[in-house]
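**Student:** Kindly generate the corresponding structure for this input.
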Amino acid sequence: MGRNIKALDWFKLGIAVSVAKTVTLAMRSLNLGAASVLPGSIARHISPSLLEKLSSQVKGGVILIAGTNGKTTTSLLLWEILERKGYRVAHNSTGANLENGLVTALMESANFVGKLDVDYAILEVDENILPKVLNPIQPRIVLCLNLFRDQLDRYGEVDTINKRWTKAISSLAPNTTVITNADDPTLCYLGQQLQQKVCFLV
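**Tutor:** Model prediction:
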């Protein structure tokens, strides 16, 4: 995916991933949880740009899935399709969709020095952090499912989220594909504001 990682960055990346994988192994061995968030949190303290370093290694690109409903179901369907086609896919299958969860999911597919050997990454993303992760991840595809008002009490009105999404997605590379739900008026309007390649899902 084109972005270079310098030797010192590789060193920090390797340390971060090795520590995180050790924590994951310890937590699961001691039945202390799924280890879907804490390893990513620890690794990001060691290497703050870890999300960028890992996602840049995904050969075919990252597919981000955002929306108030349906993220897990959609991501699982896509994962199943790609896996059956023989592709190697990284996926945050635990549903941990904040930054630490995304990092943890990518590290699951990395070796102990932080090298990824996957064709695609499918990451479901919480609607509030989507603008924060777009730049470091530079996804190949952004799939916007819906923005339902009854699910957005945590973050404010639909219009607020929509404006943040539009601004953040607009800054992505022109060859990014954005897929929006044509049945959601807010996202339909969002797609009409973008210069990227936009597909409306009916």
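
**Student:** Let me know the secondary structure of the residue nearest to residue 115 when sequence neighbours are not counted.
**Tutor:** Leaving aside its chain neighbours, residue 115 sits nearest to residue 57 (6.8 Å; criterion: Cβ to Cβ, 6 or more residues apart in numbering). All C-beta atoms are positioned from the backbone trio N, CA, C, and that covers glycine. Here residue 57 is recorded as coil under DSSP: H, G, I helix; E, B strand; the rest coil.

**Student:** same question, residue 16
**Tutor:** Classification of residue 16 by three-state DSSP places it in helix.

**Student:** Which residues does stretch 178-185 contact?
**Tutor:** Stretch 178-185 has contacts (Cβ atoms under 8 Å, 6 or more residues apart in numbering) with 67, 141-147, 169, 187-188, 190-191, 194, 196-202.

**Student:** center of this structure, which residue is that?
**Tutor:** residue 123 (3.8 Å; Cα atoms, centre = their mean).

**Student:** Tell me if that one really is in a helix.
**Tutor:** No: the assignment for residue 123, made by three-state DSSP, is strand rather than a helix.

**Student:** Would you mind measuring from the residue of the chain most remote from its centre to residue 158?
**Tutor:** In terms of distance from the mean C-alpha position of the chain, residue 30 ranks first, at 28.1 Å (Cα atoms, centre = their mean). Distance, residue 30 to residue 158, using Cβ to Cβ, to the nearest Å: 42 Å.

**Student:** repeat for residue 140
**Tutor:** The value you get for residue 140 to residue 158, if Cβ to Cβ is used, is 26 Å.

**Student:** just residue 95 next, same as before
**Tutor:** From residue 95 to residue 158 the distance is 22 Å (Cβ to Cβ).

**Student:** cool, and residue 75?
**Tutor:** 22 Å.

**Student:** Show me which residues of the lowest-mean-pLDDT helix or strand in the chain are buried.
**Tutor:** Averaged element by element with mean pLDDT, DSSP states H and E, the chain has its least confident helix or strand at helix 7-29 (a mean of 89). Buried residues in helix 7-29, counted by 16 or more other Cβ atoms under 10 Å: 9, 12-14, 16-21, 23-24, 27.

**Student:** re the thing from before, pLDDT score for the residue farthest from the centre of the chain?
**Tutor:** On pLDDT, residue 30 comes in at 92.

**Student:** Show me what the closest residue to residue 130 other than its chain neighbours is bridged to.
**Tutor:** Nearest residue to residue 130 in three dimensions, chain neighbours excluded: residue 66, at 4.7 Å (Cβ to Cβ, 6+ apart). Here residue 66 sits in beta bridges with residue 125, residue 144, going by DSSP bridges.
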